[in-house]
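Q: Give me coordinates for this.
(one chain, ligands or ions: 1)
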Amino acid sequence: MVRKAVFPVAGLGTRFLPATKSVPKEMLPLLDRPCFAYVVAEAVEAGITELVLVTARGKTSIEDYFDRSPALEASLEASGKLGLLEEVRAIARHAKIVSVRQQEARGLGHAVLTAAPAVGNEDFAVILPDDIVDGSPPAIGQLLAIQADYGGAVVALKEVPREHTNRYGICAGSWQRPDLMQIQRMVEKPKPEEAPSTSSIVGRYVLPGRIFEILEQTPPGRGGEIQLTDAIAVLAAEGSVRGLSFQGQHFDTGHPLGLLEASLYFALRRPDYAEGARALLARQQQQRDS
Ligand code: G1P
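A: Below is the predicted model of the structure:
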């Protein structure tokens, strides 16, 4: 039973500068809640009970978001905004939060290794907050179901155009089901002409505790950073890694247009925003045509 999920949130968010000079990219709003709230909701829905945040200087507002806020609660109560009050209180009730600090930016593999003392020697999930997935069941839940059946490690896969392979971890192997790859090779951000396939890793993983021992031995790879992909590749060579082509809509909210696309997608699906969103899209269209 996987109980813990690691969320690497130490990144600088350079693609959102200057906004991220003072606001962590994870706290940028997707409609009325921070991006980070969506991935936490996904984990909680999938039965994860302990969230391990790998943070850095300047990121304390992420922890504050999940804490009680007595002054805000008192003010909402005094003004009779009881619906909002309950919503604000519920955020702090969701799951247990532990945070560890990554003191140097040495890559995703290093960030995950930093979480080792909080995870221990058990299977755990890794969720990259830039990847927001609207899935039912939740994307990480789909991976956990595969891990419950087959054991080993599981990563989320999505097909990408060959010219984009240098943005992702790429996996190759044999499809044991139309949606399930037995992975043999994994390469971090290969050039299009060197990519062994076009199956890219989306930021959802289920990993065994043993990955920490492997990460300790993993030398710097692409970009001079310790890559999580390189460590999982060791397990793949042993035949214990599967890739799931998951069901659901995926958005890369790590850059402004991706966040805008996700905002429109969710606005059009939320009953309280759909009508307004359709009206503003129509207005934009009219302005463009005139
Ligand atoms: C990371 C991983 C990469 C994966 C990607 C998914 O890259 O290193 O293998 O495909 O996340 O979002 P990053 O986006 O941090 O450069």
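
Q: Am I right that His250 sits in a helix?
A: No: the assignment for His250, made by DSSP: H, G, I helix; E, B strand; the rest coil, is strand rather than a helix.

Q: The biggest helix by length in the chain: which residues count as buried?
A: In the chain, with assignment by DSSP state H, the single longest helix is helix 274-289. Under the neighbour-count criterion of 16 or more other CB atoms under 10 Å, helix 274-289 has Ala277 buried. Yep, even glycine has a C-beta here, placed from its N, CA and C like the rest.

Q: I'd like the numbering to begin with 134 instead of 1 from here.
A: Okay, residue one is now 134; in that scheme the one you just asked about reads as helix 407-422.

Q: averaged over its residues, what pLDDT does it have?
A: Over the span of helix 407-422, the pLDDT mean works out to 93.

Q: List the contacts of that helix.
A: Identification of contacts with helix 407-422 by CB atoms under 8 Å, 6 or more residues apart in numbering yields Leu397, Ala400, Leu401.

Q: OK, contacts around Glu358?
A: Ala238, Arg239, Gly240, Leu241, Gly242, His243 are the contacts of Glu358 under CB under 8 Å, 6+ apart.

Q: so of those, which ones are in helices?
A: Those of these mapping onto helices are Leu241, Gly242, His243, per DSSP H.

Q: filter the residues you listed by proximity to the ligand?
A: For the ligand, the contacts drawn from the ones in helices among the contacts of Glu358 by CB under 6 Å from any ligand atom are Leu241.

Q: for the closest residue to the ligand within the chain, which residues make a bridge with it?
A: Going by CB to the nearest ligand atom, the ligand is nearest to Gly302 of the chain, at 2.5 Å. Using DSSP bridges, the beta-bridge partners of Gly302 come out as Glu321.

Q: Touching, it and Val320? I think so.
A: Yes: in this structure, Gly302 is within contact of Val320 by CB atoms under 8 Å, at 7.2 Å.

Q: Buried members of the contacts of helix 407-422 into ChimeraX, please.
A: Of these, the buried ones go into a single ChimeraX selection, burial set by 16+ other CB under 10 Å:
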select :397,400
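
Q: could I get the contacts of helix 407-422 as JSON lines with pLDDT and secondary structure?
A: What follows is the contacts of helix 407-422, written out as JSON lines (pLDDT from 0 to 100; DSSP: H, G, I helix; E, B strand; the rest coil):
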{"residue": "Leu397", "pLDDT": "97", "secondary structure": "helix"}
{"residue": "Ala400", "pLDDT": "97", "secondary structure": "helix"}
{"residue": "Leu401", "pLDDT": "97", "secondary structure": "helix"}
